[in-house]
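>>> build me a model:
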Amino acid sequence: MSAKQAGGLPARSAGPLRAILFDLDGTLLDTAADITSALNSALADQQLGSFSEAQVREMIGRGVPTLIERALARLGTAQGSVDLARLLERFDEHYDRLLERGEYQARVYPGVAQGLSALFARGLRLAVVTNKRKQAAVGLLARLGLSEWIQVVVGGDSCRFRKPRPEPLLQACEALKVSAGQALMVGDSETDVLAARAAGMAIVCVPYGYNEGADPRALACDVLLESLGDLPALLSATA
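Numbers count the residues shown, from 1 in each chain. Model (predicted):
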């Protein structure tokens, strides 16, 4: 547990907690290997460079278009000299192929299934709010055995704005039929923190994610949990 655990979650003014929204990449799933594979394959299509998984972990955040922009900047490649739309299209194709062929390396972080199962059993409504495309997110959740507990998925292509804007979180709340004040966000990055604050939600973070290369333990969240398996106990303690 983090030192931030001692303070617990802030007091609720909108009634009891009814829903929890989860980020996907770096929070529920470690997907860096597959993102690296899809990125390198897309770059290779245009005879550009490649990256190690460790380098890609530092660039993940705010969606694939931003990832590609960061990759090009690291390669010293001017965006005007490449076909950005084609890069994005090919990334999606390569990523989808990994899922379709069962060649993906994504894995569920320890404690996630335990935590989701316990929270669902309490009657809480659960959603995933990610900057990943909805189709890819839904596919991963199903393949890795988490979809039975997730009632709503909002992807980066589900509404006009991505996180860190609050709109995806608010869309998830609307679909779950709860107010923002009745929901909690769980993530691993500054993007999640900013989105939660903008939506008026408390935010719990985990320390093992990506956070665009910065230390997740430095995030300005309300609580830092070592494992999502600890979330049910936290909620019981702060109820």
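
>>> and the residue of the chain most remote from its centre, how far is that from Q47?
Note on the chain: the largest separation between a C-alpha and the mean C-alpha position, by C-alpha atoms, centre = their mean, falls on S81 (30.6 Å). Using C-beta to C-beta, to the nearest Å, one gets 11 Å for the distance from S81 to Q47. For glycine as for every other residue, the C-beta is placed from the backbone atoms N, C-alpha and C.

>>> wait, what's in contact with the residue farthest from the centre of the chain?
Applying C-beta atoms under 8 Å, 6 or more residues apart in numbering, we find S81 in contact with no residue.

>>> quick check: it vs T66, distance?
According to C-beta to C-beta, S81 stands 19 Å off from T66.

>>> now stretch 49-57 - C-alpha only, PDB.
Taking C-alpha atoms only, stretch 49-57 is exported to PDB below (Å, rounded to 0.1, in the frame of the first residue of the first chain):
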ATOM      1  CA  GLY A  49      13.000   2.800 -37.700                       C
ATOM      2  CA  SER A  50      12.000   0.500 -34.800                       C
ATOM      3  CA  PHE A  51      11.800   0.600 -31.100                       C
ATOM      4  CA  SER A  52      12.400  -1.700 -28.100                       C
ATOM      5  CA  GLU A  53       9.500  -2.600 -25.800                       C
ATOM      6  CA  ALA A  54      11.100  -0.500 -23.100                       C
ATOM      7  CA  GLN A  55      11.200   2.500 -25.300                       C
ATOM      8  CA  VAL A  56       7.500   2.100 -26.300                       C
ATOM      9  CA  ARG A  57       6.500   1.800 -22.700                       C
END
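
>>> need the contact partners of it.
Counting by C-beta under 8 Å, 6+ apart, stretch 49-57 makes contact with 32-33, 35-36, 39-40, 43-44, 59, 67, 71, 74-75, 77, 210, 213, all of which sit outside it.

>>> which of those count as buried?
Buried members of those, scored by 16 or more other C-beta atoms under 10 Å, are A32, A33, I35, T36, L39, N40, L43, M59, L67, A71, Y210.
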